[in-house]
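Student: Just need the structure, nothing else, for what follows:
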Amino acid sequence: MLQRVTNFGSGGSDRPAAPVAPTHAAVAHLSVQARLLRACMRILVKRRLRADPRIDAVRRHLALVGRLVPRPPRGTVTTQVVAGGVKADLIATRASRPDRTILYLHGGSYVCGWPALYRDLTWRLATACRARVLCIDYRLAPEHPFPAALDDAATAYRWLLAQGTHSQHVAVMGDSAGGGLALALMLRLRDEGCALPAVAAVVSPWTDLTFSGASVQSNAELDPLIPVELAAEVVALCLAGADPTAPYASPLFGDPTGLPPTLLLVGGDDVLRDDAVRMAEKMRAAGCAVEIEVWPRMWHVWHMLVRVMPEARVAVARLCTFVADRV
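Tutor: Predicted coordinates for the structure are as follows:
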């Protein structure tokens, strides 16, 4: 059953998370598509990463995958922009309102990924949230280690405000490393006295670069996507000697007081499940308006399979409802 923790108010509660009814039947029973895709990813992704974990090999493989990403539907306008020096895609559909913007931060462990890989997701977010989507091509490690990605995210956000977009008409979204980056961005903006976005919504956020969550080991074989034995090497590339407990690198170790309403979605089989759960608990204790949903039998960033898997479609719809109601 879907597990949800909700707090909309100050002070938080020490009560444990209580189970609630699933938002859709797709989360109660694993679909045929999910069963097949889970098996395929274990072979095509996880086994491949274990066989050749070199960054250049991973990037070449993703480039091949990128050719298979379907084109957005007719009426979608994707414009390549430079947001204060940061390259980005600006996506709008017929439903997009010019006064609403989603800043989307992609995943990829801070070492790979780019906006084009997300073009089958971002147009859906633009339509369902009735907003433009700015998906930035932030700099990657090891060529550009921490805090390069955070610097780029902050630059792009400030560029949006400089263009006349009101902070309360901006949502920040992201997944995996991009989910952790979204939370770190809000910590930094708050610390620098910048107006915060209206809302944040993240999937499978990487909030702890020390990998201290119990799910890293307990879900190591359940998650068909992430080979946890490569984690230490990836972190070393990302940080280049920086402290992994620094809040801007690992927002789990920061003080979330004052952050805007936030939704965290994570799979029950995700190796980073406890990164999301512990982050939500910390936000809740700080009086933040936070909701977390743990989706049974789902894995890391399952929402990316939105075209072919019903559980992913439900997850994306949940994200969009949360954001659209608050921007």
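
Student: which of the residues in stretch 81-95 are buried?
Tutor: Across stretch 81-95, burial judged by 16 or more other Cβ atoms under 10 Å covers 83-84, 86-93. Using the backbone N, CA and C atoms, a C-beta is placed for each residue, glycine as well.

Student: Now, the residues you listed that are in strands?
Tutor: Of the positions in those, 83, 86-92 sit in strands, assigned by DSSP state E.

Student: measure stretch 187-196 end to end?
Tutor: 9 Å (Cα to Cα, to the nearest Å).

Student: mind listing what's buried in that stretch?
Tutor: Buried, per 16+ other Cβ under 10 Å, within stretch 187-196: 187-190, 194, 196.

Student: got a list of contacts for it?
Tutor: Here stretch 187-196 makes contact (Cβ atoms under 8 Å, 6 or more residues apart in numbering) with 150, 154, 157-158, 161, 167-168, 186, 247-248, 251, 254-256, 258-260.

Student: Repeat the analysis, applying 6 Å as the threshold.
Tutor: 154, 167, 247-248, 251, 254, 258, 260 (Cβ atoms under 6 Å, 6 or more residues apart in numbering).

Student: Stretch 114-125 now?
Tutor: So stretch 114-125 is in contact with 66, 69-70, 72, 76, 89, 91, 93, 102, 106, 133, 135, 137, 307, going by Cβ under 6 Å, 6+ apart.

Student: And for stretch 236-249?
Tutor: So stretch 236-249 is contacted by 110-111, 141-142, 145-147, 150, 184, 187-188, 209-210, 250, 253-254 (Cβ under 6 Å, 6+ apart).

Student: rerun that using 7 Å as the cut-off
Tutor: 110-111, 141-142, 145-147, 150, 184, 187-188, 209-210, 235, 250, 253-254 (Cβ atoms under 7 Å, 6 or more residues apart in numbering).

Student: rewinding a little: may I see the buried residues of stretch 81-95 organised as CSV, with distance to V228 added?
Tutor: CSV is the format used below for the buried residues of stretch 81-95 (distance: Cβ to Cβ, whole Å):
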residue, distance to V228
A83, 34
G84, 36
V86, 31
K87, 31
A88, 31
D89, 31
L90, 35
I91, 33
A92, 38
T93, 37
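
Student: the strands in the chain, which residues?
Tutor: Using DSSP E, strands in the chain cover 3-7, 18-19, 77-83, 86-92, 97-105, 131-136, 170-175, 199-203, 262-267, 290-295.

Student: Quick one: closest of these to Q217.
Tutor: Closest of the strands of the chain to Q217 is strand 262-267, at 15.9 Å (criterion: Cβ to Cβ).

Student: Which secondary structure elements does the closest one sit against?
Tutor: strand 199-203, helix 273-285, strand 290-295, helix 310-324 (3 or more Cβ pairs under 7 Å, 6 or more residues apart in numbering; DSSP states H and E).

Student: right, so these: which one is the most enclosed?
Tutor: strand 199-203 (a mean of 27; mean count of other Cβ atoms under 10 Å).

Student: who does that strand touch, helix- and strand-wise?
Tutor: Packing partners of strand 199-203 (3+ Cβ pairs under 7 Å, 6+ apart): strand 170-175, helix 177-191, strand 262-267, helix 310-324.

Student: Run me through the strand neighbours of it, direction for each.
Tutor: For strand 199-203, the pairing partners within the sheet under DSSP bridges are strand 170-175 (parallel), strand 262-267 (parallel).

Student: before we move on, back to that, most surrounded residue in the contacts of stretch 114-125?
Tutor: Highest neighbour count within these: V133, with 30 neighbours (other Cβ atoms under 10 Å).

Student: quick one: it and L105 touch, right?
Tutor: No - taking Cβ atoms under 7 Å as the definition, V133 is not a contact partner of L105, at 11.1 Å.
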